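[1] here is a sequence together with a model predicted from it:
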Amino acid sequence: MLYTSTRDNSIKVTASQAIARGISEEGGLFVPCELPFFSLDKIKDMASQSYIGRAKTILCEFLDDFTEEELDYCVNGAYAEGKFSSKDIAPVVKINEKENILELWHGPTCAFKDMALQLLPYLMTVSAKKTADGKTIVILVATSGDTGKAALEGFKDVEHTKILVFYPENGVSPMQKLQMVTQEGENVAVCAIKGNFDDAQSAVKAIFTDEAIKEKLAQRNMMFSSANSINWGRLVPQIVYYFSAYCDLMNKGSIRAGDEINVVVPTGNFGNILACYYAKKMGLPVKKLICASNSNNVLTDFLHSGTYDKNRDFYTTTSPSMDILISSNLERLLYHVSGCDDKFVSKLMSELSSGGVYSVSDNILCEIQRSFAAGFAAEEDVRKTIKKYFDENGYLCDTHTAVALKVYEDYIRETGDDIVTVIDSTASPYKFSKSVLSAVNGFDSDSSDEFQTVEELHNKTGADIPAPLAKLKDKKIRFSNSCTRQDMADMVFGLLGI
Ligand SMILES: *Cc1c(COP(=O)(O)O)cnc(C)c1O
């Protein structure tokens, strides 16, 4: 299977090239030239497999330049026993006959990013061996909170890699920050930047595509790659859990093979929901993909009106991993719904970078709306939803998941479409303890000590505290530097010692 670029159809690369490079030279994103199709029989076969087996079944279609041994090595390493706190890796929790929560946060950093970032370092090192022999891969990450930690944890002490993470100084939760600044490993570095996630992301993209910087690295036998969801190696592992959740629902008798389901995804950079779109295109019976945003509702507006306009106030919310106004992976959706029109995508993306706004035609909007619905949740609704699910169902969810649950509630009220639904839960509530505790209590918690808040939340709800978070209490802070957007390139050179 070959991959091309969303901005230049003449580019053709293998899976391992796409993964090693991360982003295409001219700034486009790698996309598969065609998609494999999974018949109902094939899905039924997957139902009897473990998560690892399901992952292999899907990955071998997309990564056809990997040998079977290589795939086994990658998948068995990523999802090895003990790495995830649930033996199902991504368990489906039934709330009632219709509502099912897909818990994607049982990995080592307690957010859904682990689902892909535990696997990516394996995919990347195998890819690099094939395509960039001997080069050290330098992973640059812009994070809205969870990607940074998950990437650090995945890449720490992986041979022939270095990883540098930039996070918005005031844009992450105390637990997220603590997770990053205490990161262990010889090949890692972390730096705060003055600005928000979009500033960090666009600065990282600019460094990636800067010829002089690339040359400087090449002279030292290094090359950049990306662990953000612009990397195809991040998206393909995410397709797996949608098939897996469907299989689990079949096995539990919640649906019969072939029944359609709806899927609700708390969305930021549009990676997670795009993976579900691919799953749908591959034959998974998904009816609607419901895109849930927080107050930064640029995607809600786009999916309703066809105009993407990032010129608006940026809100710092209690669901920081979704505080994003430029959703990078939307570019891939635009490519597919426009019939692989690279000129069209290039034009929209240059409009976005110059004026911050673009519009699509009614035809394209219609095509998108056949698959997608959208809504957003304001901060007060997020609080109420956390409390409601805890009081009524005994289910404790984090702030991001609460956004999805609220948008789902609105969707049912507006459409009456209440078929069996999977709602993605993307983080442990303990990553956002203060917000979750305040919501459950119905009043603001006055504790300023993160671990005391964790303890209070545990006492109040009885929910287990994930071991990796509890352990942070005794870890040393290793990284306390910060820089401006303009200084980022120099910071990169400094951290690489070049
Ligand atoms: C990253 C993240 C999201 C958003 O996912 P995208 O793939 O960027 O849309 C939602 N919730 C949590 C907890 C996250 O870490």
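    Perfect, I can see it now.
[2] make it CA atoms for all contacts and neighbour counts henceforth
    Will do.
[3] where in this structure is pLDDT low?
    Within the chain, no stretch falls below the threshold (pLDDT under 70).
[4] how about the residue lying farthest from the centre of it, what does it touch?
    For the chain, the largest distance from the centre (C-alpha atoms, centre = their mean) belongs to residue 219, which lies 32.5 Å off. Listed by C-alpha atoms under 8 Å, 6 or more residues apart in numbering, the contact set of residue 219 is empty.
[5] report the separation between it and residue 175.
    Distance, residue 219 to residue 175, by C-alpha to C-alpha, to the nearest Å: 38 Å.
[6] same check, this time on residue 217
    With C-alpha to C-alpha as the criterion, residue 217 and residue 175 are 33 Å apart.
[7] again with residue 203
    Taking C-alpha to C-alpha, one finds residue 203 at 25 Å from residue 175.
[8] near the ligand, which residues of the stretch 1-150 of the chain are found?
    Neighbours of the ligand within the stretch 1-150 of the chain, by C-alpha under 6 Å from any ligand atom: 111-113, 146.
[9] partners of the closest residue to residue 297 other than its chain neighbours in the sheet?
    Of all residues not flanking residue 297 in the chain, residue 376 sits nearest, at 6.2 Å (C-alpha to C-alpha, 6 or more residues apart in numbering). Beta-bridge pairing for residue 376 (DSSP bridges): residue 293.
[10] let me see the contact set for residue 427.
    Per C-alpha under 8 Å, 6+ apart, neighbours of residue 427: 103-105, 110-112, 398, 400-401.
[11] filter those residues to the buried ones?
    Among the contacts of residue 427, the ones that count as buried by 16 or more other C-alpha atoms under 10 Å are 103-105, 110-112, 398, 400-401.
[12] so can I have TSV of those showing distance to residue 92?
    Listed next are the buried ones among the contacts of residue 427 as TSV, based on distance: C-alpha to C-alpha, whole Å:
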residue	distance to residue 92
103	6
104	9
105	12
110	16
111	15
112	14
398	16
400	17
401	14
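[13] any idea how far the helix or strand containing residue 45 is from the chain center?
    Using DSSP states H and E, residue 45 sits within helix 40-47. From the chain centre to the centre of helix 40-47 is a distance of 26 Å (C-alpha atoms, centre = their mean, to the nearest Å).
[14] that one: which residues count as buried?
    Buried-residue list, helix 40-47, by 16+ other C-alpha under 10 Å: 43-44, 46-47.
[15] what are the buried residues along the helix or strand following it?
    Per DSSP H and E, the first helix or strand lying C-terminal to helix 40-47 is helix 51-62. For helix 51-62, a neighbour-count test (16+ other C-alpha under 10 Å) marks 51-59, 62 as buried.
[16] could you identify the most distant pair in these?
    Farthest pair in these (C-alpha to C-alpha) is 51 and 62. Separation: 17.0 Å.
[17] what about the residue lying closest to residue 11 once chain neighbours are set aside, how many neighbours?
    Once flanking residues are discounted, residue 11 sits nearest to residue 4: 5.2 Å by C-alpha to C-alpha, 6+ apart. Look at residue 4: counted by other C-alpha atoms under 10 Å, it has 24 neighbours.
[18] tell me the phi and psi of residue 4?
    The phi/psi pair for residue 4 (degrees, to the nearest 10) reads phi -130, psi -180.
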